[in-house]
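Chemist: Got a sequence here, can you model it:
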Amino acid sequence: MSDSAVMTVGVGTPVIAAAETPSVGTKVLDAADDPAIWVDPADRARGVIIGTDKKAGLYVYDLAGRQTQYVPGGLPNNVDIREGFPTAAGPRVLVAASDRGRRGAGAALFLLDTATLKLSFWGAVPVDLVEPYGLCLARRGDTFLMIVNGTDGQVRQLQVSAGASGRPLAKEERRFAVPTQPEGCVVDDARGRLYLGEEGRGVWRFDIGSVPSAGELIAQAPSAQLAPDVEGLALIDDGAATYLIASSQGDSAFAVWQVDGASPAYRGRFSVVANGGIDAVTGTDGVAALGGQVGAFPQGLVVMQDDVDDGATGARQNFKLVDWREVKKALGL
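Modeler: Purely as a prediction, here's the structure:
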């Protein structure tokens with residue numbers, strides 16, 4: 001949720017953005033929300049950033065932030081990507097978005113054409129939630145999972161596959177809850193861990209097994225690390241290390257933990273400041289990250305929502321692109 005009217009420049013260690021996207025087309029505030037990143041494993045100079053306009057549809061950008069496509073429809077809030085999704089036509093790149101605008105649906109599924117880098121709508125999936133809100137994808141062995149949460153704290157974990165008809169199939173395998181409204185979530189496939197942000201309380205960690213298990217609150221809010229609302233969550237692999245990035249919307253900052261060990265290790269906070277014609281990130285919401293070469297970013301890319309794009313007419317919202325090396329340098333990683 002946007003709190004743009006009260007946001008100021010962040011208080012974390014300053015980093016600068018390398019680029020930014022155009023503002024989303026919706027003319028009212030609180031429209032851009034959550035990004036996701038995909039890079040071609042055969043040519044890491046190729047890839048896309050997909051961002052939600054939760055009042056209108058999905059935007060596709062290249063790895064420099066230039067808009068390449070707009071896919072209208074629904075009210076997509078959070079978006080995530082997994083490659084290698086099996087279909088009758090061979091493995092595809094699956095894109096999923098939580099959706100409050102398609103009748104009877106809780107999520108909308110899309111397929112990315114890796115040759116053209118164009119996104120096409122595949123189908124809507126019903127999810128038993130009062131109001132679908134956050135979403136993330138996961139892979140557990142050969143099983144693809146979609147985790148969707150609702151504004152009342154309820155969480156649904158579904159298996160997703162392509163049916164014999166070629167249309168999407170979704171089967172609920174697990175349900176659980178957190179006490180109050182969640183949104184951001186991300187899954188560490190390699191370790192089977194789901195990180196879920198409860199906006200007013202902190203970050204939870206669950207496993208992604210098919211049977212119920214208790215979660216662990218690994219970071220509390222409000223605290224020195226997180227100022228509510230806790231919003232987007234992202235993971236980035238850097239060599240043997242894996243880092244969790246959490247949006248601290250209340251003070252326009254991002255908290256970082258190293259999470260490849262048994263217990264998370266807090267590494268610091270950063271904020272994106274104005275530089276070279278690109279305005280600062282304030283009131284941040286969704287965030288995505290990808291390690292290794294991502295286009296012109298040799299060690300990784302972080303993309304985050306900016307609640308007020310100062311250069312836009314009517315102060316609309318957009319996404320900022322940050323070189324992971326800038327974050328590493330700022331936090332001494």
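
Chemist: element containing residue 329, please.
Modeler: Residue 329 belongs to helix 324-331 when assigned by DSSP states H and E.

Chemist: I'd like to know which elements that helix is packed against.
Modeler: On a contact count with 3 or more CB pairs under 8 Å, 6 or more residues apart in numbering; DSSP states H and E, helix 324-331 meets strand 13-16, strand 230-238, strand 265-273, strand 300-306. In short, each C-beta sits where N, CA and C put it, glycine included.

Chemist: helix or strand right after the second one?
Modeler: Sequence-wise, the next helix or strand downstream of strand 230-238 (DSSP H and E) is strand 241-248.

Chemist: Give me the buried stretch members for that following strand, please.
Modeler: By 16 or more other CB atoms under 10 Å, the buried positions in strand 241-248 come out as 242-248.

Chemist: Average pLDDT for that strand, rounded please.
Modeler: On average, the pLDDT along strand 241-248 is 98.

Chemist: what lines up beside it in the sheet?
Modeler: Using DSSP bridges, the strands paired with strand 241-248 are strand 230-238 (antiparallel), strand 253-258 (antiparallel).

Chemist: next one: the longest one to chain centre, how far?
Modeler: In this case it means strand 230-238. Its chain's average C-alpha position is 8 Å from that of strand 230-238, according to CA atoms, centre = their mean, to the nearest Å.

Chemist: and if you look at stretch 106-119?
Modeler: Its chain's C-alpha centre and that of stretch 106-119 lie 16 Å apart, by CA atoms, centre = their mean.

Chemist: contacting residues for residue 144?
Modeler: Residues near residue 144 by CB atoms under 8 Å, 6 or more residues apart in numbering: 82, 85, 94, 137-138, 159-161.

Chemist: Look up which helix or strand it falls in, please.
Modeler: Here residue 144, judged by DSSP H and E, is contained in strand 143-150.

Chemist: buried set for the helix holding residue 329?
Modeler: By neighbour count on 16+ other CB under 10 Å, the buried set for helix 324-331 is 324-328, 330-331.

Chemist: again with stretch 11-23
Modeler: Neighbour-count burial for stretch 11-23 [16+ other CB under 10 Å]: 12-23.

Chemist: and what of stretch 53-68?
Modeler: Neighbour-count burial for stretch 53-68, counted by 16+ other CB under 10 Å, picks out 53-63, 65.

Chemist: cool, and stretch 185-199?
Modeler: Buried residues in stretch 185-199, counting neighbours by 16+ other CB under 10 Å, are found at 185-188, 193-199.

Chemist: Then stretch 86-95?
Modeler: With burial defined by 16+ other CB under 10 Å, the residues of stretch 86-95 counted as buried are 92-95.
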